[in-house]
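Enquirer: build me a model:
(2 chains)
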2 protein chains.
Amino acid sequence: MQRYFIDESLPKDRRLTLPADIAHHLIDVLRADVDTEIEVALNDQKVYLAKVVELNPATIELKADLGTDAELPVEVILACGLPKTKEKPELIVQKATEMGADRIVFFAAQRSISRWNPQKQAKKIERLQKIANAAAEQSHRNHQPEVVYGGKLSDVLKNEAADFKIVAWEESAKQGEEANLAQTLRQLRPGQKLLAIFGPEGGLSEAEIEQMQAQGVIPAGLGPRILRTETAPLYLLAAVSYQLELAR
Amino acid sequence: MQRYFIDESLPKDRRLTLPADIAHHLIDVLRADVDTEIEVALNDQKVYLAKVVELNPATIELKADLGTDAELPVEVILACGLPKTKEKPELIVQKATEMGADRIVFFAAQRSISRWNPQKQAKKIERLQKIANAAAEQSHRNHQPEVVYGGKLSDVLKNEAADFKIVAWEESAKQGEEANLAQTLRQLRPGQKLLAIFGPEGGLSEAEIEQMQAQGVIPAGLGPRILRTETAPLYLLAAVSYQLELAR
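Expert: Next comes the predicted model:
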């Protein structure tokens, strides 16, 4: 069933006039009629069964709370060093949303070749947020992850509060470290926050790793293969889901 | 360091004349000279340090076996229902190679919209195999996964021998099944084979699921979110790596 996110709380009379973009998609594109049923996720992160009751203005009546919960039991914040191409942030945002990320932060790492100047940032984030929103609908999430530009690594470390902080570091695997990720995931309790930091194509610099370690960020290997910058966050999210949702 | 795969065994005199495509890349593109060091994976799946000793014909001397092993401890065969677009098989092959797949089979599922006619198959597979080979070099694998066209689901079930067979099935998750994947991965022993089957965009049909269950294929959910056809195999591979390489 078609799912939409509407940033409203549940109205007392359970009737909602649809925002213009959703009304257009539902009525004009999908050709819904009175009595068509849809699913609507409100800002209480609950998903309601809803029925179209009026076409002009497009109005729905919210019926049962479906009680579905497709969210990870922990909040995962991804912080990704800006990749080189336009396609990679889009791939990260789409796939990380499917896999349950709560918040996706892009930052200018030391070896990031691409820079988002202040004029471009808002536009780029707006586009990425749209991709996240569409992916959240398709993957039947209860809420849409937020995509933000986080500035420098030091800003990310200052602004992104979390119970556990890890950095994906391939040297960590080379040094024989294999257990930090599993140890961290096993300690996570429902409702806690995990910040996971990833380098851009050239990787993170020694200085960045040291800066993070000094602030208690745990270096964690993601297995013995070299993962591309857009692949590592997906590995991390799958591992979180596997450990906390399937292998408990 | 640059890594190449050469489908040869270790020569007695440890000298190898490079195949034309590798010679071109190393000498003309990367402008290597005599004494340039590279890494070479031979068909014994070992990785050797090698040194250029002659430019014309491009010849290397194989030095130490580096003893590196970036392969998953089990062989994972992915069988993917043919996706609709040209880009999705490419994404699956590239990312699944990075994540350690041993063999990638595409098959014509009941709901596959795209069909590869016999004239097109060889060309498509050739292109995908090139993507796998490049990804294997970049991710520092010890060997290149094989990409094949597997025909129908019944052919896949007949031809792909494995110790454990699972099918990613979203209804499985809806029915409250959460543990089949973890139970299967915990039973896997080093050297064993896992066949993991995935549907195309529209999912697998009830008939296909029944056909598989009748042959002992275990339906396994990959968490409560709906994953796209190209995302599910990546989730599976990350879970295999996490369970067998990091969380032992």
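Enquirer: where does chain A dip in pLDDT?
Expert: In the predicted model of chain A, residues A:173-176 satisfy pLDDT under 70.
Enquirer: which parts of it sit against chain B?
Expert: A:68-70, A:95, A:98-100, A:138-141, A:178-179, A:181-182, A:185, A:221-228, A:231, A:234-235, A:238-239, A:241-243, A:245-247 (C-beta under 8 Å from any C-beta of the partner chain). All C-beta spots, glycine's among them, are computed from the backbone N, C-alpha and C.
Enquirer: buried ones from these, can you make that a ChimeraX selection?
Expert: Under the burial definition 16 or more other C-beta atoms under 10 Å in any protein chain shown, those of these that qualify are selected in ChimeraX by:
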select /A:70,95,98,99,100,138,139,140,141,178,181,182,185,221,222,223,224,225,226,227,228,231,234,235,238,239,241,242,243,245,246,247
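Enquirer: show me the residues of chain A next to chain B that map onto helices.
Expert: Using DSSP state H, the subset of these located in helices is A:95, A:98, A:138, A:181-182, A:185, A:234-235, A:238-239, A:241.
Enquirer: which two of the residues you listed have the greatest separation?
Expert: With C-beta to C-beta as the measure, no two of these lie farther apart than A:138 and A:182, at 30.1 Å.
Enquirer: show me what contacts residue A:57?
Expert: By C-beta atoms under 8 Å, 6 or more residues apart in numbering or on different chains, the residues touching residue A:57 are A:17-18, A:23.
Enquirer: filter those residues to the buried ones?
Expert: Buried by 16+ other C-beta under 10 Å: A:18, A:23, out of the contacts of residue A:57.
Enquirer: name the nearest of the contacts of residue A:57 relative to residue B:217.
Expert: Taking C-beta to C-beta as the measure, residue B:217 sits nearest to residue A:18 out of these, at 42.8 Å.
Enquirer: surely that closest one touches residue A:28?
Expert: No - with contacts counted by C-beta atoms under 8 Å, residue A:18 stays clear of residue A:28, the gap being 11.7 Å.
Enquirer: which residues do these two both contact?
Expert: Joint contacts of residue A:18 and residue A:28 (C-beta under 8 Å, 6+ apart) do not exist.
Enquirer: what residues are up against whatever residue of chain A ends up closest to chain B?
Expert: In chain A, the residue that lies nearest chain B is residue A:238 (3.5 Å; C-beta to the nearest C-beta). By C-beta under 8 Å, 6+ apart, the contact list for residue A:238 reads A:99, B:234-235, B:238-239, B:242.
Enquirer: just give the nearest non-adjacent residue to it, would you?
Expert: Residue nearest to residue A:238 in three dimensions, not counting chain neighbours: residue B:238, with 3.5 Å by C-beta to C-beta, 6 or more residues apart in numbering or on different chains.
Enquirer: now swap in residue A:103 and tell me
Expert: Here the nearest residue to residue A:103 in space, its sequence neighbours aside, is residue A:77; by C-beta to C-beta, 6+ apart that works out to 4.5 Å.
Enquirer: from the centroid of chain A, which residue is nearest?
Expert: In chain A, the C-alpha nearest the mean C-alpha coordinate belongs to residue A:101, at 3.2 Å (C-alpha atoms, centre = their mean).
Enquirer: any idea how far residue A:3 is from that residue?
Expert: Look at residue A:101 and residue A:3: by C-beta to C-beta, to the nearest Å, they are 18 Å apart.
Enquirer: outside of stretch A:40-51, which residues touch it?
Expert: Residues contacting stretch A:40-51 (C-beta under 8 Å, 6+ apart): A:3-10, A:16, A:35-39, A:60-68, A:71, A:140-143.
Enquirer: OK, contacts around residue A:168?
Expert: Contacts of residue A:168 by C-beta under 8 Å, 6+ apart are A:196-199, A:220-222, A:227, A:232-233, A:236.
Enquirer: what is the burial count for residue A:35?
Expert: Using other C-beta atoms under 10 Å in any protein chain shown, the number of residues around residue A:35 comes to 8.
Enquirer: please, which helix or strand holds residue A:91?
Expert: If you go by DSSP states H and E, residue A:91 is part of helix A:87-98.
Enquirer: who's in contact with the next helix or strand after that helix?
Expert: Sequence order places strand A:103-108 as the next helix or strand after helix A:87-98, per DSSP H and E. Applying C-beta under 8 Å, 6+ apart, the contact partners of strand A:103-108 are A:75-82, A:89, A:92-93, A:96-97, A:115-116, A:128, A:132, A:145-153, A:155-156, A:160.
Enquirer: tilt between the helix holding residue A:91 and helix B:87-98?
Expert: Put simply, helix A:87-98 runs at 80 degrees to helix B:87-98, going by axes from the mean of the first three to the mean of the last three C-alpha atoms, to 10 degrees.
Enquirer: okay, buried residues for stretch A:169-182 please.
Expert: Judged by neighbour count using 16+ other C-beta under 10 Å, the buried positions of stretch A:169-182 are A:169-170, A:172-173, A:177-178, A:180-182.
Enquirer: out of the contacts of strand A:103-108, which are buried?
Expert: A:75-82, A:89, A:92-93, A:96-97, A:116, A:128, A:132, A:145, A:147-151, A:153, A:156, A:160.
Enquirer: among the residues you listed, which are located in strands?
Expert: Judged by DSSP state E, those include A:75-81, A:147-151 as members of strands.
Enquirer: could you dump these to JSON lines with distance to residue B:215?
Expert: Formatted as JSON lines, these follow (distance: C-beta to C-beta, whole Å):
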{"residue": "A:75", "distance to residue B:215": "41"}
{"residue": "A:76", "distance to residue B:215": "37"}
{"residue": "A:77", "distance to residue B:215": "43"}
{"residue": "A:78", "distance to residue B:215": "39"}
{"residue": "A:79", "distance to residue B:215": "44"}
{"residue": "A:80", "distance to residue B:215": "42"}
{"residue": "A:81", "distance to residue B:215": "45"}
{"residue": "A:147", "distance to residue B:215": "43"}
{"residue": "A:148", "distance to residue B:215": "48"}
{"residue": "A:149", "distance to residue B:215": "50"}
{"residue": "A:150", "distance to residue B:215": "49"}
{"residue": "A:151", "distance to residue B:215": "54"}
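Enquirer: closest to residue B:190 among these?
Expert: Closest to residue B:190 out of these is residue A:76 (30.2 Å), distances taken as C-beta to C-beta.
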